[in-house]
Each structure stands twice: as C-alpha cells, then as structure tokens.
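>>> can't give you the sequence, but here's the structure:
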Ligand SMILES: [Zn+2]
C-alpha cells in the first residue's frame, strides 16, 4: 500500500513551515533520551521529499552524544518540528516530527518502536 501524500507542518508559532511527501506507513516511536522527553514521533524522508517553506533563520541547532543528528528547533517557540541527519550509508535524511503535521490524527498511526536508548 502506498498512500503517499503531501503534508504541511511546522512549529508552534508558525515561523517554521514545511511540506513533505510521505506515506506515514513507518512512523517511529523512539525511547532514546531526547525522543522520550520530547514525545516526538518520527517519519524519515529523503531531502527531495521535504521542502522548508520558511523559518531557516529561526532555527537553532541542538546536538548531543555522537552529534550525527541536528535537532533543529524554533528559537521562538522551542518546537522541534523536524531534524536533519544522515542514514547509516551516509546519505542525507530528514526526520519529520509527525506530531507537527497539520490536522493529522497521530492516534490512528501504527507506530514502530525503536530502541534508541540502547544504541
Ligand atoms: Zn516557532
């Protein structure tokens, strides 16, 4: 099944806005130290499936541990609506925080647990 469609999303205050095209069949609930606290749910897309419409200058970056993922968040409202990273093979990857997509019922998603705590 492939129901890829274009979603819009962004941070809380509206400074950061983006579009992404994804089917949301693989949404990850990670138990690592930051995802647990943020409550983020992630869908991973390629850079060509993602377009930041506004807010690049409003983003601050947070990194920890191995510093492979840029946890970018809005300076104004503090929300991490997406993150930038690389896949194990080294290609660029965008992690969409699906909780930040407009009008999406996250309760209807099948979540894939990820044991990021023990990486
Ligand atoms: Zn904001």
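It's in. Predicted model only: the values in this text are computed from it and were never measured. Numbering: from 1, shown residues only.

>>> Check which helix or strand the residue nearest the centre of the chain maps to.
Computing the C-alpha centroid of the chain and ranking residues by CA atoms, centre = their mean puts residue 96 first, at 2.3 Å. Assigned by DSSP states H and E, residue 96 belongs to strand 92-97.

>>> Quick one: list the elements packing against the helix or strand that that strand is followed by.
Counting by DSSP H and E, the next helix or strand C-terminal to strand 92-97 is strand 111-114. Using 3 or more CB pairs under 8 Å, 6 or more residues apart in numbering; DSSP states H and E as the contact test, the elements touching strand 111-114 are strand 27-30. In this view, the C-beta of every residue, glycine as well, is placed from N, C-alpha and C.

>>> right, and the helix or strand after the strand it packs on?
By DSSP H and E, the next helix or strand past strand 27-30 is helix 33-38.
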